[in-house]
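K.L.:
Sharing a sequence plus its predicted fold:
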Amino acid sequence: MNTMNSLNGQGSGPVGLKRFQQYGPLLPALGLVGLLYGGGLLLALAQSVGLYGLGEREFTLQGYGDLLWDAEVQGSLLLSLRIALLATGLALVLGLGLALLLRGLGGWAIWLGQLTLPIPHLVGVTGMLLLLGPSGWLARLAFQLGWIASDQDFPLWVNDRGYVGVLLYWLWKEIPFAALVALTLLRGMGSELEQQARLLGASATQTFWHVTLPLLRPGLLATGILIFGFVFSAFEVPLLLGPTYPRTLPVLIYQRFIHINLEQRQQAVALGVILLVISAAVVSWMAGLFAARGSLWQLPVVSAERSPGRRP
Amino acid sequence: MATAGRISGTESWEKAVKGRHIHRWIGGSLLRLGVAGVALLWALPFGVLALWAFTRAWYFPDALPQAWSLAGWQQLLFPFAGRGSQFWAAFGQSLQIALFTTLLALGVGIPAGRVLGTHPVPAWLRLLLLLPVITSPLAVLMGIQGVLIRLRLDGTLLGVVLVHLIPTLPYMALVMGSVFARFDRGYEVQARCLGADPWQVWWQVTLPLIAPGAAIGAVFAFLISWNEFLLTFFVGGGRVLTLPMLLYSLLQGGNNTLVAVVALLSVVPGWLALLGASLCLGQAIGLPPAEAQEEESC
């Protein structure tokens, strides 16, 4: 197929037209994404340096400069990173553990896990608020059991400065996702290689570390990227479950963007660009880690319905 | 002496075998119990939502509501009163936006996916398509808002559909890319050789072959749009009322019964779509096709 194309390309005739015929169908999609996403990003960049938008227009890097020394911004950035890394790590480890446990149980475990996929964040957050809140169901249960004397005694797990509620929400949402991907990968992998390793005398632990985990790694890494990206840039979850201070980066950006002070607005746009750059950098770095092995497209959602091609 | 030793030896062997059986049995039931426990723990937020949805007043120390009531459902589902008309308006707008977004994403994503799946495409292009799906749209939203206001598209359904395309379209293109990657063009060539025109080939050969993959992509694109909060929040300008927007404004109000009913109702289409997709395909979506084929052939 490839050689055919290149032969055609090298032969007589307009190469450009050939290329256009081949890659033309890609253009509407690229054009729309480029216009909406790329255009929006360019406008955001222009706004962040004062070239476009409300107020006077002159090139200035003040928006970015101020941010560097802003303690609140630094705190929010660290907070967002910490939550995203913690949630991703815990979800991957616990999800993998769950998948290994559920492995022998058959297809219904996968089916059960899929139920968690289409739940909107807002619905999950609502459930968490009614469950963990100061007068939520857990507090009521603790009262009935005599553990607390009033709703004041129940630990603050919602809108708390420790972000316990947010973290619990992410674990609730992302562990099933990670487990689902791991289960799908395990099924696609089959158990022949592991059995072989056991037959050759490897212990169960050795088999896990030297056979199972290396085979799962690309898929798990891709899952990690997705979870990190979602958690790091999530807006509604920390807005509703987090405290008013300290705020995660996306919430901080929103609050500065709707601020009356135009300078704050410019800063918000600059912060938005920084947020985008950080998540894009992390994603491309992690993707680059295993792109070399040609497994970049083992993305969970895509691989979930993609032929494993390894089964006889 | 020797026989006694042998007998006790076989006895202990039998004991050991029995013990292992019991161990395995205990292990199996423990596993099942553990899984049931995890599932129950996971369902807790939904359990609380379900309790709240069927009561009117439920005060602090009570672990269960004192009185059950369908008032929340009646208030929301009766389409002519205040809350009800608001709910149905939100439901209708959510549905319209999600359907339009899905159709547009399909129309543009299928041709793009064909190129992605069948031609060598540089890795950075794929990464570029992936970024809008994963990274934060905040900067883009803040940049785009001014333009949408100038074009008078802010606060309109079309504006919301356009921004919903930002995550759904690249997603659809990537999914269709993986569908076309295992698509055998031989079928099309064959049909052409047998005298079908390109249009017939598309409708009668290509489309049926890619339909299962396209259905999965469409279901997920629909769900992304249906569940979207941030994009609608920024571009809708408070005038486009989707179900997540309604839920958000109800959450500020503090009527837990209404909140719970709307929350439960917003999950239903997602589960229906998932069920429909897995029934249509005769398989659970997470299963790799090879396995599904095995099951079908059985």
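P.N.:
Looks like it came in fine. Numbering: from 1, shown residues only, chains lettered A, B, ... in the order given.
K.L.:
counting contacts, what elements does the longest helix along chain A pack onto?
P.N.:
The residue-count maximum for a helix in chain A (DSSP state H) belongs to helix A:71-102. Secondary-structure packing of helix A:71-102 (3 or more Cβ pairs under 8 Å, 6 or more residues apart in numbering or on different chains; DSSP states H and E): helix A:164-189, helix A:213-232, helix A:249-257, helix B:2-53. Yep, even glycine has a C-beta here, placed from its N, CA and C like the rest.
K.L.:
Let's see that with 7 Å instead.
P.N.:
helix A:164-189, helix A:213-232, helix A:249-257 (3 or more Cβ pairs under 7 Å, 6 or more residues apart in numbering or on different chains; DSSP states H and E).
K.L.:
what about chain B, any weak spots by pLDDT?
P.N.:
By pLDDT under 70, the weakly predicted segments of chain B are B:1-20, B:280-298.
K.L.:
if we can go back for a sec, can you tell me which of the helices and strands packed on helix A:71-102 the model trusts least?
P.N.:
With a mean of 87, helix A:213-232 has the lowest mean pLDDT of these.
K.L.:
next SSE after that one?
P.N.:
Following helix A:213-232 in sequence order, the next helix or strand is helix A:236-241 (DSSP states H and E).
K.L.:
so does that next one get close to chain B?
P.N.:
Yes - interface with chain B: helix A:236-241 contributes A:236, A:240 (Cβ under 7 Å from any Cβ of the partner chain).
K.L.:
What mean pLDDT does that helix get?
P.N.:
pLDDT averaged over helix A:236-241 gives 93.
K.L.:
And it, how far out from the chain middle?
P.N.:
Here the centre of helix A:236-241 is set off from its chain's centre by 16 Å, with Cα atoms, centre = their mean, to the nearest Å.
K.L.:
go on, stretch B:169-188?
P.N.:
20 Å.
K.L.:
again, but for stretch A:69-82
P.N.:
19 Å.
K.L.:
What of stretch B:180-199?
P.N.:
With Cα atoms, centre = their mean as the basis, stretch B:180-199 stands 32 Å off its chain's centre.
K.L.:
Then stretch A:85-93?
P.N.:
That offset, for stretch A:85-93, works out to 11 Å (Cα atoms, centre = their mean).
K.L.:
Can you list the buried residues in stretch A:188-205?
P.N.:
Neighbour counts over stretch A:188-205 (16 or more other Cβ atoms under 10 Å in any protein chain shown) mark A:188-189, A:194, A:197, A:202 as buried.
K.L.:
Could you do stretch A:44-54 as well?
P.N.:
For stretch A:44-54, the neighbour count (16+ other Cβ under 10 Å) marks A:44-50, A:52-53 as buried.
K.L.:
same question, stretch A:155-166
P.N.:
Neighbour counts using 16+ other Cβ under 10 Å place A:157-159, A:163, A:165-166 of stretch A:155-166 among the buried residues.
K.L.:
got it, and stretch B:68-83?
P.N.:
Result for stretch B:68-83 [16+ other Cβ under 10 Å]: buried residues B:72-73, B:75-76, B:83.
K.L.:
returning to that earlier point: mind putting the buried residues of stretch A:44-54 into TSV with pLDDT?
P.N.:
Output for the buried residues of stretch A:44-54, formatted as TSV (pLDDT from 0 to 100):
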residue	pLDDT
A:44	89
A:45	88
A:46	87
A:47	84
A:48	84
A:49	84
A:50	78
A:52	73
A:53	67
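K.L.:
from the residues you listed, which is closest to chain B?
P.N.:
residue A:44 (3.2 Å; Cβ to the nearest Cβ).
K.L.:
any idea how far residue B:50 is from that closest one?
P.N.:
For residue A:44, the distance to residue B:50 (Cβ to Cβ, to the nearest Å) stands at 42 Å.
K.L.:
Which one of the helices and strands packed on helix A:71-102 lies nearest to chain B?
P.N.:
Between chain B and the helices and strands packed on helix A:71-102, the shortest gap by Cβ to the nearest Cβ is with helix A:213-232, which sits at 3.6 Å.
K.L.:
May I have the closest one as PDB, with CA atoms only?
P.N.:
The C-alpha coordinates for helix A:213-232 follow below in PDB (Å, rounded to 0.1, in the frame of the first residue of the first chain):
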ATOM      1  CA  LEU A 213       3.300  -5.400  34.500                       C
ATOM      2  CA  PRO A 214       5.600  -4.800  31.500                       C
ATOM      3  CA  LEU A 215       2.800  -6.000  29.200                       C
ATOM      4  CA  LEU A 216       0.300  -3.700  30.800                       C
ATOM      5  CA  ARG A 217       2.600  -0.700  31.100                       C
ATOM      6  CA  PRO A 218       1.800   1.100  27.800                       C
ATOM      7  CA  GLY A 219      -1.900   0.900  28.400                       C
ATOM      8  CA  LEU A 220      -1.700   1.900  32.000                       C
ATOM      9  CA  LEU A 221       0.500   4.800  31.200                       C
ATOM     10  CA  ALA A 222      -2.000   6.000  28.600                       C
ATOM     11  CA  THR A 223      -4.700   5.700  31.200                       C
ATOM     12  CA  GLY A 224      -2.600   7.600  33.600                       C
ATOM     13  CA  ILE A 225      -2.200  10.400  31.100                       C
ATOM     14  CA  LEU A 226      -6.000  10.600  30.600                       C
ATOM     15  CA  ILE A 227      -6.700  10.600  34.300                       C
ATOM     16  CA  PHE A 228      -4.000  13.200  35.100                       C
ATOM     17  CA  GLY A 229      -5.300  15.400  32.300                       C
ATOM     18  CA  PHE A 230      -8.900  15.200  33.500                       C
ATOM     19  CA  VAL A 231      -8.200  15.700  37.100                       C
ATOM     20  CA  PHE A 232      -5.600  18.500  36.600                       C
END
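K.L.:
packing partners for that helix?
P.N.:
The contact analysis (3+ Cβ pairs under 7 Å, 6+ apart) places helix A:213-232 against helix A:71-102, helix A:164-189, helix A:262-291, helix A:300-303, helix B:123-134.
K.L.:
To residue B:223, which of those helices lies closest?
P.N.:
helix A:300-303 (11.3 Å; Cβ to Cβ).
K.L.:
Give me the mean pLDDT for the closest one.
P.N.:
Rounded mean pLDDT across helix A:300-303 is 39.
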